[in-house]
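> Dropping a prediction and its sequence here:
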Amino acid sequence: MTTAMVTGGIWWAGDGEPADPPLAAAPAAHGRVGPAAGAPAALAHRAKPRSVPKATPAPRPAPAPAPMARSRPVTVAVPAITIEAPVIELGLDATGRLGTPPVDDPRVVGWYAKGPTPGERGTAVVVGHRDTRTGPAVFLNLNSLSQGNTVRVARADGKVAVFTVDRVETYAKNDFPDKEVYGDTGRPELRLLTCGGAFDRGKGYEANIVVFAHLTEIAQKI
């Protein structure tokens, strides 16, 4: 599988209750105000309104952490789909295409080393195979992620950048929105990419699956 730099981006081409109503006034008896003869004691006094409980304000979301310093990623973990994969560095070849993780080790993922590191300001890019000729690979179930899932990236500096998934999209390879996927949003973000859509034995997969996520926490353990 291959990934090409397109228009400044990388094209992954891989295989209260209300108060009670007031009670009616009791009639006067023998010229003085008071309860009517035989009237229940409860009618002698106006009922006190019930207090309406105050709504508990929703907790404020935690502020986003500041961008982290540059440090290469070591491990990528995605608890929702039981992934914990080592990271290798990927670069561009002479034609401007991004290399891919080795097909003989489908457990690893690749990080575009010329781009931001995960946690740094900007959009870090991590790619992985969906499958290979020998069977399923690391990102087989990437498309099953949903908003709120987390991606944890252990870095060489000992810190763990924790990202929260915003959305998951599938794009046809011939209509890939490189600016939307790779553009700088002004905050630390992460993209996970793999192949998707229908598979053709001659052409490979027809689409790419892209996970959009942003930095929400800095942890100490993966």
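Arrived safely.
> can you give me the helices in this protein?
Along the chain, the segments classed as helices by DSSP state H run 178-182.
> remind me which residues of it are low pLDDT?
1-49, 51-53, 58 (pLDDT under 70).
> so what's the residue nearest to Pro65 when sequence neighbours are not counted up against?
Among residues not flanking Pro65 along the chain, Ile218 sits closest, at 5.1 Å (CB to CB, 6 or more residues apart in numbering). From N, CA and C alone the C-beta is placed, and that goes for glycine too. Ile218 makes contact with 65, 68, 119, 159-162, according to CB atoms under 8 Å, 6 or more residues apart in numbering.
> Can you say which of the residues you listed are buried?
Listed as buried from the contacts of Ile218 are 68, 119, 159-162; burial here means 16 or more other CB atoms under 10 Å.
> got those as a markdown table, with distance to Ala137 columns?
A markdown table is the format used below for these (distance: CB to CB, whole Å):
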| residue | distance to Ala137 |
| --- | --- |
| Met68 | 28 |
| Gly119 | 25 |
| Lys159 | 27 |
| Val160 | 24 |
| Ala161 | 23 |
| Val162 | 24 |
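> between those, which is nearest Gly96?
Gly119 (26.3 Å; CB to CB).
> Who are the contact partners of that closest one?
Applying CB under 8 Å, 6+ apart to Gly119 gives the contacts 67-68, 71, 153, 155, 159, 161, 188, 215, 218.
> in the chain, which spans are strands?
Assigned by DSSP state E, the strands in the chain fall at 2-6, 9-13, 73-78, 83-90, 97-98, 109-112, 122-127, 131-132, 135-136, 150-155, 160-172, 188-200, 204-219.
> and Lys179, which of those is closest to it?
Closest among the strands of the chain, using CB to CB: strand 9-13, at 6.4 Å.
> Any idea which residue is closest to the centre of the chain?
Nearest to the mean C-alpha position of the chain, by CA atoms, centre = their mean, lies Val165 at 1.4 Å.
> so that one makes contact with Thr216?
No. Taking contacts as CB atoms under 8 Å, Val165 lies outside contact range of Thr216: 10.0 Å.
> got any residues that touch both of those two?
Common contacts of Val165 and Thr216, defined by CB under 8 Å, 6+ apart, comprise Thr150.
> circling back: closest one to Asp178 among the strands of the chain?
strand 9-13 (3.0 Å).
> Pro106 contacts Arg133, doesn't it?
No. Shown here, Pro106 and Arg133 do not form a contact pair, counting by CB under 8 Å, at 9.8 Å.
> Of these two, which one has the most company?
The residue with more neighbours, out of Pro106 and Arg133, is Pro106; 21 against 8, by other CB atoms under 10 Å.
> and the gap between that one and His129?
Computed as CB to CB, to the nearest Å, the Pro106 to His129 distance reads 5 Å.
> Pull up the overlap in contacts between those two.
137-138.
> Just checking the distance from stretch 102-113 to the centre of its chain.
23 Å (CA atoms, centre = their mean, to the nearest Å).
> Just the buried positions in that stretch, please.
106, 108-113.
> distance between the ends of it?
16 Å (CA to CA, to the nearest Å).
> The chain should start at 58 in everything you say after this.
Sounds good: first residue 58 from here, last item stretch 159-170.
> what's it in contact with?
67, 129-130, 133, 142-148, 155-158, 174-175, 181-186, 188-196.
> again, only using 6 Å
130, 133, 142-148, 158, 182-186, 189, 194-195 (CB atoms under 6 Å, 6 or more residues apart in numbering).
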